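K.L.:
one predicted model, sequence on top.
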Protein chains: 2
Amino acid sequence: MSSLPTGHFIAGQQSHAGTQTFQAEQAESGEPLAPAFAEATTAEVEMACQAAAAVADEFADLPLARRAGLLEAIADALDARADAFVARTGLETGLPEPRLRGELARTSGQLRLFASVVRRGDFLGVRIDHGDPDREPAPKPDIRQYQIPLGPVAVFGASNFPLAFSVCGGDTASALAAGCPVVVKGHPAHPGTSAIAAEAVTEALQQLKLPAGIFSLLQGERHELGTALVQHPAIQAVGFTGSQRGGLALQSLAAQRPTPIPVYAEMGSVNPLFILPDALAERAEAIATGLAASFTLGCGQFCTKPGLVFLPRGERAEAFKEALCSHVEAMPAAAMLHRGILSAFETGCERLADMPGVTRLAAGQTAPGLATAQVYATDLATFRGTPGIAEEVFGPVTVIVELDDVDRMHDVAQGLEGQLTAGLHGTDAELAASRALITLLGQRAGRVLCNGFPTGVEVGEAMVHGGPWPATTNSRTTSVGTRAIERFLRPVSLQDMPEAALPAALQSANPLGLPRLVDGAFEAGSAGT
Amino acid sequence: MSSLPTGHFIAGQQSHAGTQTFQAEQAESGEPLAPAFAEATTAEVEMACQAAAAVADEFADLPLARRAGLLEAIADALDARADAFVARTGLETGLPEPRLRGELARTSGQLRLFASVVRRGDFLGVRIDHGDPDREPAPKPDIRQYQIPLGPVAVFGASNFPLAFSVCGGDTASALAAGCPVVVKGHPAHPGTSAIAAEAVTEALQQLKLPAGIFSLLQGERHELGTALVQHPAIQAVGFTGSQRGGLALQSLAAQRPTPIPVYAEMGSVNPLFILPDALAERAEAIATGLAASFTLGCGQFCTKPGLVFLPRGERAEAFKEALCSHVEAMPAAAMLHRGILSAFETGCERLADMPGVTRLAAGQTAPGLATAQVYATDLATFRGTPGIAEEVFGPVTVIVELDDVDRMHDVAQGLEGQLTAGLHGTDAELAASRALITLLGQRAGRVLCNGFPTGVEVGEAMVHGGPWPATTNSRTTSVGTRAIERFLRPVSLQDMPEAALPAALQSANPLGLPRLVDGAFEAGSAGT
């Protein structure tokens, strides 16, 4: 591990301008991990942002095939570092090898998916309204619209997905796909992982002879680093995954800039599940097994962890709870990402345990420095009278809310805050009869899922990983799936521009083979096929 | 005129709960115009918002053909009131009959255009990723995405387009097209116009037997009305066209809500024009004629009025200025929308006249209570040293900036704030050689136009009437053209939902004939054809 680069990656060069350093800690023991990494200075923020700004136009103008090639080269370079990630990221995060290999496959897979989106070209949103010089009372102008990249994007690495939501994660992949240079602030809990990922990007840029300023990584644990990055005038948008406090602080900073910029912050949620009576009667044990696996997956450190479960009281609920408890009690204690997160988890569980009307149903095994899986239970009256129950506790804990009357589910859903996901377990007949509830859950969440569990976010064309406030700062976007690219684009119209002055994407002959809306009719295009 | 309804239109009913009233003024004379209109109370804001919330689900679920039919019925009902608008709106705004008839045609035309968008169904953004239960290492879920309406939208009527950007203007048309109920705060300068438009919407809703709560109009001149509306928990988004002060105040209110909501504020700009040397040599007089007509159109009261013109100093510039001055000197004085706007215009012109290095080149005719068209001129050094020159003065005034070196245009464009539009006059050869400048202008503006003038915003599929801050609060959207509908929609995914529980838009058989992205490939659909 001594070969890990300990400086910042600024436009392809290692930088060590400052004197302060910081170290990661081994997730379980809290012991410092060598080496010490440089803490970025304000001058280094300036260098990275200026380097990004300097190449923004060149990157935006790059042929789509070359932009797609960059994403694929980064994917390949990441995959080639699988063993290095498993070794270092495992130490930094406590995540086990199978999870890390799976997360790496997701990370390189989403880079390749965005490459296919870039090649297809629909993200350019080309629209052409032909002019008509003879129109009365006034000639109709020729107007052509497409989407252009916003410019340099600041990405904040998340602690809970050190690969898929960090240096080369979904925010970076979608910003690069949009044609925006990226300056990453690495998460201070996994600087070695960040360095390995940054090496991969740097290698890909060099290999393709692309401008190095397209990517920089700044390391550090001081808040001032993130503040300086968001305030830098070159930065045009921010991608963030993490706590509500962190996301709102960045949004507030961004709104106070002389020129405000959008902050796409995904801040987590409690991801309620609703279990309908016939489904509970048919498969209480199976649902309990699935729930136990889901809320403890990755030690409960998923934005989509199901933290609240509503079900009808009764005999089947007892069977469900019994099955759930027996799974949980057998659950080994597990390492959390770092000791600060473990401490916050334990505080959150103590707060739940102290709430009148809330009882701890079951707890898993305990071990020093590790997290114990826990299940709590309460009734509807207590849930309604205790707003803290609906607050996210990050880690392996879930709360069962038993309802005397299943018809109250609609009211309960009505009262929910914005969520990333909401789930519904029902028989086919129950689900077909639950359209109103499904519609309502869609109004409360970015994704509504049936007879499943929300952890494990599929990366695809149709995914929404987003949702109404306070799950995110912008319900109209997603941070996972191909529509994530839209966050970093904006439309521009060109009016009465001669062909010779038009960008290739808007030329009449469609040299890029793009899908287009021409005079209100769709043309499929031939790109990406 | 005594038959004008003087109360608020709340879900189809006239309401007169308060005791305060206000009156419009005749634009030119400032004389009060009968009748007195009721000033909305907080209770009336509550009633209108609750009525909107109560019907939001029903409206969202309405078959697309019926939603489109509503837009068309409103268009017809507006057109049927053309004479009433000409009579009343002319008094309230001072705008001449041909302009009002043209603006009405645009207003009903854009409602019909949005009806065609609703029928076509592409705004629903349907995406289907089929599942694969056999995928390793984990089954692939079936995920289907579409766009749902945000919910009730508050629309603030603008003073400068009493039809096209007011009660039934672009914000209302696009919000209704998205399936969102609308609560309008009418502009207090034209309450009679607002009442006539609200009657048209109410009639259309009744005729189609649709829920009356889909539309309400609240009248008033107190700031508290707008504040209460933006703060109401039922309101999910805000559309606004007007001053920067107004737009930023609404955005700040919206951001401070317990649940923040998006504010789409279009706040105007100076719309710079750049005239390249060969174009100036070829057609100085023609450009001067076009500019004179454009910056005085509607008495200069357009968001897109060209307020800043950059051109190379020299003989042709002299000819250009001479032609421009002779047009402007012959320009009759004209009525502004109301006396407050006239007073702000005069103050703005005095401020320009007092700036050292800025000279008044020409002024049109004068008359008491009317606005005088004016042209100012300066050089690049003064422009750079005097930030106030680049601030919008609403009304018939423009500033010519002469450059000693035409190569400075790129630097000038680089220094511009965000704009709604930027224009470029050049020969074909000049334009073909100006791609870098065109790209830069696209980074500074929502629309870049060639050899034309920005006033007169074409309503179509490809239009962008938006742009970077401070022209708008959200550069990723447009307030004119069919993409305006996207402001009021957000994506939701449904995962592993049985067919019987899916909304029609997402069913595999595609009963609505919608265009879709299925497993990454486009299907054209048959809707709207």
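P.N.:
All right, it came through fine.

K.L.:
quick one: contacts for the residue in the stretch 151-300 of chain A positioned nearest to chain B?
P.N.:
Relative to chain B, the nearest point of the stretch 151-300 of chain A is residue A:259 (5.3 Å; C-beta to the nearest C-beta). Any C-beta I mention is one placed from the backbone N, CA and C, and that applies to glycine too. Counting by C-beta atoms under 8 Å, 6 or more residues apart in numbering or on different chains, residue A:259 makes contact with A:233, B:418, B:468-470.

K.L.:
got these as a markdown table, with secondary structure columns?
P.N.:
Shown next, in a markdown table, are the contacts of residue A:259 (DSSP: H, G, I helix; E, B strand; the rest coil):
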| residue | secondary structure |
| --- | --- |
| A:233 | coil |
| B:418 | coil |
| B:468 | coil |
| B:469 | coil |
| B:470 | coil |
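
K.L.:
buried subset of these, written for PyMOL?
P.N.:
With 16 or more other C-beta atoms under 10 Å in any protein chain shown as the criterion, this PyMOL line picks the buried residues out of these:
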select buried, chain B and resi 418+468+469+470
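
K.L.:
out of the contacts of residue A:259, flag the one nearest to residue A:26.
P.N.:
residue A:233 (39.0 Å; C-beta to C-beta).

K.L.:
pLDDT at that closest one, what is it?
P.N.:
The model reports residue A:233 with a pLDDT of 98.

K.L.:
quick check: closest non-adjacent residue to it.
P.N.:
Leaving aside its sequence neighbours, residue A:233 sits nearest to residue A:259 (C-beta to C-beta, 6 or more residues apart in numbering or on different chains; 7.0 Å).

K.L.:
backbone dihedrals for the one you found, please?
P.N.:
Backbone dihedrals for residue A:259, given as degrees, to the nearest 10, come out at phi -120, psi 100.

K.L.:
quick check: the residue nearest to residue A:281 when sequence neighbours are not counted vs chain B, distance?
P.N.:
Distance criterion C-beta to C-beta, 6+ apart; nearest residue to residue A:281, sequence neighbours excluded, is residue A:316 at 5.1 Å. According to C-beta to the nearest C-beta, to the nearest Å, residue A:316 and chain B sit 21 Å apart.

K.L.:
then residue A:433?
P.N.:
On the measure of C-beta to the nearest C-beta, residue A:433 and chain B end up 9 Å apart.

K.L.:
what about that residue, how many residues close to it?
P.N.:
14 (other C-beta atoms under 10 Å in any protein chain shown).

K.L.:
contacting residues around it?
P.N.:
Counted by C-beta under 8 Å, 6+ apart, residue A:433 has zero contacts.

K.L.:
the one 10 residues further on too?
P.N.:
By C-beta under 8 Å, 6+ apart, the contact list for residue A:443 reads A:468, B:148, B:151.

K.L.:
so it versus residue A:193, what's the distance?
P.N.:
Distance from residue A:443 to residue A:193, counting by C-beta to C-beta, to the nearest Å: 38 Å.

K.L.:
quick check: beta-bridge partners of residue A:274?
P.N.:
Under DSSP bridges, the beta-bridge partners of residue A:274 are residue A:310, residue A:424.

K.L.:
picking that back up, now the contacts of residue A:259 in CSV, with distance to residue A:95?
P.N.:
Listed next are the contacts of residue A:259 as CSV, based on distance: C-beta to C-beta, whole Å:
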residue, distance to residue A:95
A:233, 37
B:418, 43
B:468, 41
B:469, 40
B:470, 45
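
K.L.:
nearest to residue A:485 among the contacts of residue A:259?
P.N.:
Once C-beta to C-beta is applied, the member of the contacts of residue A:259 that ends up nearest residue A:485 is residue B:468, at 19.1 Å.

K.L.:
leaving out chain neighbours, which residue sits closest to the closest one?
P.N.:
Closest to residue B:468 by C-beta to C-beta, 6+ apart is residue B:418, at 3.0 Å.

K.L.:
for residue A:491, which three-state class applies?
P.N.:
strand.

K.L.:
burial check on the closest residue to it other than its chain neighbours, number of neighbours?
P.N.:
In space, residue A:491 comes closest to residue B:464 once its chain neighbours are excluded; the distance is 4.8 Å by C-beta to C-beta, 6+ apart. For residue B:464, the count of nearby residues is 32 (other C-beta under 10 Å).

K.L.:
and for residue A:80?
P.N.:
Neighbours around residue A:80, by other C-beta under 10 Å: 12.

K.L.:
contacting residues around it?
P.N.:
Residue A:80 neighbours (C-beta under 8 Å, 6+ apart): residue A:200.

K.L.:
quick check: the gap between it and residue A:307.
P.N.:
Taken as C-beta to C-beta, the span from residue A:80 to residue A:307 is 37 Å.

K.L.:
same question for residue A:285.
P.N.:
From residue A:285 to residue A:307 the distance is 21 Å (C-beta to C-beta).

K.L.:
between these two, who's got more neighbours?
P.N.:
Taking other C-beta under 10 Å, residue A:285 and residue A:307 do not tie; residue A:307 has more neighbours (26 against 15).

K.L.:
that one contacts residue A:397, doesn't it?
P.N.:
Yes: assessed by C-beta atoms under 8 Å, residue A:307 is found in contact with residue A:397 at 7.0 Å.

K.L.:
what touches both of these two?
P.N.:
residue A:295.

K.L.:
ok so residue A:422 is a strand residue?
P.N.:
Yes: the assignment for residue A:422 by three-state DSSP puts it in a strand.

K.L.:
what's near enough to touch it?
P.N.:
Neighbours of residue A:422 in contact, by C-beta under 8 Å, 6+ apart: A:271-274, A:413, A:416, A:441, A:444-445, A:447-449.

K.L.:
restricted to strands, list the residues you listed.
P.N.:
Using DSSP state E, the subset of the contacts of residue A:422 located in strands is A:272-274, A:445, A:447-449.

K.L.:
just the buried positions in stretch A:327-344, please.
P.N.:
Here stretch A:327-344 shows A:327-328, A:331, A:333-339, A:341-342 as buried, counting by 16+ other C-beta under 10 Å.

K.L.:
reformat those as TSV; add distance to residue B:278.
P.N.:
TSV is the format used below for those (distance: C-beta to C-beta, whole Å):
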residue	distance to residue B:278
A:327	79
A:328	78
A:331	77
A:333	77
A:334	72
A:335	70
A:336	68
A:337	63
A:338	65
A:339	69
A:341	65
A:342	70
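
K.L.:
closest one of these to chain B?
P.N.:
residue A:327 (19.2 Å).

K.L.:
would you map the helices across the stretch 201-350 of chain A?
P.N.:
A:223-231, A:244-256, A:277-296, A:315-329, A:339-354 (DSSP state H, counting those that start in this stretch).
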